[in-house]
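**Student:** predicted structure and sequence below. I'll ask about it afterward.
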Amino acid sequence: MGIVDFTDIFPFAPEVGYLGLGLVNFFGSLIPFVPLPGFLLLATMSVGNQFDLHILALLSAITATVAKQIIFYVSYGGRRIINEKTRKRMRPFERLVKRYGAAAAFFAAATPIPDDLVYVPLGLAKYNPKRFFIATLTGKIVLSYAIVLVSHHLGISLVEPFLENVEDTTPVYVGIIVFGAIMTSVVVLMLRLDWQKILGRFAPWTLDENNND
């Protein structure tokens, strides 16, 4: 039985260069809830000394932030996209994330969680775009440097336990698709939940229609 290497997942990584990384990361970040392709390519290019680690980290952070800013602005106009019944259910959750806006945006950006689960409600709640950008960029820089440095110093040894006995890359790609489908389902569920009942139990202030802070 074999083991899949980073370069087996992205065999073209050495050839795509910085521009290729920027494009993959940007368009990958534009697809809600599926950040894995950009993460894996960044990790692949960080192994060895072919690329400057600082350029990799900053390029990844900036392109991801620009993409997330677009998602944020699309959500910002969500009142014209989402029907009023769904908006009414979502308003308590919007107030919750808006109160912790910058901290929530930073945490979502600095961790490998599906950050759009936080960014979309922040956009719907019309959170301050400049604060969102700064918090998101800072978080993405932290996450990108973490991926770059860990991948550079640990290389394939980091993922060997997960890739043992995998003879081809098909399961990896299938896993990415399945993960995206699951996260899309989570978002649909989030939009359908009655947040007034859920948050009314432990954060009753989110039910106040006059509370927009």
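**Tutor:** Everything's here; your move. Numbering: from 1, shown residues only.

**Student:** longest helix anywhere in the protein?
**Tutor:** Longest helix of the chain, by residue count under DSSP state H: helix 129-154.

**Student:** how far away from the center of its chain is that helix?
**Tutor:** How far helix 129-154 lies from its chain's middle: 11 Å, per C-alpha atoms, centre = their mean, to the nearest Å.

**Student:** next, the buried residues of stretch 131-144.
**Tutor:** For stretch 131-144, the neighbour count (16 or more other C-beta atoms under 10 Å) marks 132, 133, 135, 136, 137, 138, 139, 140, 141, 142, 143, 144 as buried. C-beta here means a position set from N, CA and C on the backbone, and glycine is covered the same way.

**Student:** where's the closest residue to residue 109 other than its chain neighbours relative to residue 191, distance?
**Tutor:** Counting by C-beta to C-beta, 6 or more residues apart in numbering, residue 139 is the residue found nearest to residue 109 once chain neighbours are left out, at 2.6 Å. From residue 139 across to residue 191, the span is 24 Å (C-beta to C-beta, to the nearest Å).

**Student:** tell me the confidence at the residue nearest in space to the middle of the chain?
**Tutor:** Nearest to the mean C-alpha position of the chain, by C-alpha atoms, centre = their mean, lies residue 115 at 3.9 Å. Looking at residue 115, its pLDDT stands at 85.

**Student:** repeat that for residue 7.
**Tutor:** pLDDT, read off for residue 7, is 50.

**Student:** residues near residue 48, how many?
**Tutor:** Residue 48: 12 surrounding residues under other C-beta atoms under 10 Å.

**Student:** tell me what the helix or strand encompassing residue 94 is packed against?
**Tutor:** When secondary structure is defined by DSSP states H and E, residue 94 falls within helix 84-99. Under the contact definition 3 or more C-beta pairs under 8 Å, 6 or more residues apart in numbering; DSSP states H and E, helix 84-99 sits against helix 116-124, helix 170-192, helix 195-199.

**Student:** average pLDDT for the second one?
**Tutor:** The one in question is helix 170-192. Rounded mean pLDDT across helix 170-192 is 71.

**Student:** for residue 136, which non-adjacent residue is closest in space?
**Tutor:** Nearest residue to residue 136 in three dimensions, chain neighbours excluded: residue 109, at 4.7 Å (C-beta to C-beta, 6+ apart).

**Student:** ok, now which ones touch that neighbour?
**Tutor:** Residue 109 is in contact with 64, 65, 68, 115, 135, 136, 137, 138, 139, 140, 142, 143, counting by C-beta atoms under 8 Å, 6 or more residues apart in numbering.

**Student:** just the angle between the strand or helix carrying it and helix 84-99, please?
**Tutor:** According to DSSP H and E, residue 109 maps onto helix 101-110. Using axes from the mean of the first three to the mean of the last three C-alpha atoms, to 10 degrees, the inter-axis angle of helix 101-110 relative to helix 84-99 is 90 degrees.

**Student:** okay, helix 101-110 in PDB with CA atoms only?
**Tutor:** Taking C-alpha atoms only, helix 101-110 is exported to PDB below (Å, rounded to 0.1, in the frame of the first residue of the first chain):
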ATOM      1  CA  GLY A 101     -17.800  41.500  15.100                       C
ATOM      2  CA  ALA A 102     -14.100  42.100  14.900                       C
ATOM      3  CA  ALA A 103     -13.200  39.300  17.400                       C
ATOM      4  CA  ALA A 104     -15.600  36.900  15.500                       C
ATOM      5  CA  ALA A 105     -14.100  37.800  12.100                       C
ATOM      6  CA  PHE A 106     -10.600  37.400  13.400                       C
ATOM      7  CA  PHE A 107     -11.300  34.000  15.000                       C
ATOM      8  CA  ALA A 108     -13.000  32.700  11.900                       C
ATOM      9  CA  ALA A 109     -10.100  33.900   9.700                       C
ATOM     10  CA  ALA A 110      -7.300  32.700  12.000                       C
END
